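In: no sequence for this one, just the structure:
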């Protein structure tokens, strides 16, 4: 059983330009910052297995800053994602907070070497971007939403991918996306793992 409560506050510096003129907006004028909050409760009760019942509750703080592009034929920008997850309760056996977890049980927080859930975990990532005409190249942390790949946010913090992506809208009614993703940061982790087939 998964329950999710979320809310957010959006701070925006988006200039009030017609869509056709947005490309001319500067680094600051077209920027946007979002601060979101997410409370997540998860109950895992595998009655037909040897794994213990797990109850976990966490609070996430999600900050995202997306800059505009510098003016000129080639524009440059920077996106920043800062995320923090705090354990409110649980992560233990039979609902006892702080109790050791069996391998593979519970999946909201990283585990310490003694098998207990960490009290909190955080991430700070950045993405450099460049725009030429209607084509944008991004290098760094990515949260793709594509027919073949989507960043999973089914836990306290979302899954992140690391690599490069190019999105082109040079032709009307056609969007081209290409890229290479080499690492991912899972939903209950702070370090990245190499991707492989």
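Out: It's in. These figures come from a predicted structure and were not determined experimentally.
In: and the longest strand belonging to the chain, what's its mean pLDDT?
Out: Longest strand in the chain by number of residues (criterion: DSSP state E): strand 74-93. For strand 74-93, mean pLDDT is 86.
In: In its sheet, which strands sit next to that strand, and in what direction?
Out: When pairs are called by DSSP bridges, strand 74-93 turns out to pair with strand 54-66 (antiparallel), strand 120-132 (antiparallel).
In: Take the ones you listed and lay them out in JSON lines including mean pLDDT and mean neighbour count.
Out: In this view, the C-beta of every residue, glycine as well, is placed from N, C-alpha and C. Below are those laid out as JSON lines (pLDDT from 0 to 100; neighbours: other C-beta atoms under 10 Å):
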{"stretch": "strand 54-66", "mean pLDDT": "92", "mean neighbour count": "19"}
{"stretch": "strand 120-132", "mean pLDDT": "96", "mean neighbour count": "16"}
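In: Take those strands and write them to CSV, including distance to residue 158.
Out: What follows is the strands paired with strand 74-93, written out as CSV (distance: least, C-beta to C-beta, whole Å):
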stretch, distance to residue 158
strand 54-66, 8
strand 120-132, 10
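In: Can you tell me which of these is nearest to residue 168?
Out: Ranking these by their distance to residue 168 (criterion: C-beta to C-beta) puts strand 120-132 first, at 9.4 Å.
In: Quick check: next helix or strand after that closest one?
Out: Downstream of strand 120-132, the next assigned helix or strand under DSSP states H and E is strand 135-142.
In: what's the angle between that following strand and strand 74-93?
Out: Here strand 135-142 points in a direction 30 degrees away from that of strand 74-93 (axes from the mean of the first three to the mean of the last three C-alpha atoms, to 10 degrees).
In: Report the buried residues of strand 135-142.
Out: 136, 137, 138, 139, 140, 141, 142 (16 or more other C-beta atoms under 10 Å).
In: With stretch 165-174 instead?
Out: In terms of neighbour count (16+ other C-beta under 10 Å), stretch 165-174 has its buried residues at 165, 167, 168.
In: mind putting the residues you listed in JSON lines, distance to residue 64, pLDDT and secondary structure included?
Out: Below are the buried residues of stretch 165-174 laid out as JSON lines (distance: C-beta to C-beta, whole Å; pLDDT from 0 to 100; DSSP: H, G, I helix; E, B strand; the rest coil):
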{"residue": "165", "distance to residue 64": "17", "pLDDT": "97", "secondary structure": "strand"}
{"residue": "167", "distance to residue 64": "18", "pLDDT": "97", "secondary structure": "strand"}
{"residue": "168", "distance to residue 64": "23", "pLDDT": "97", "secondary structure": "strand"}
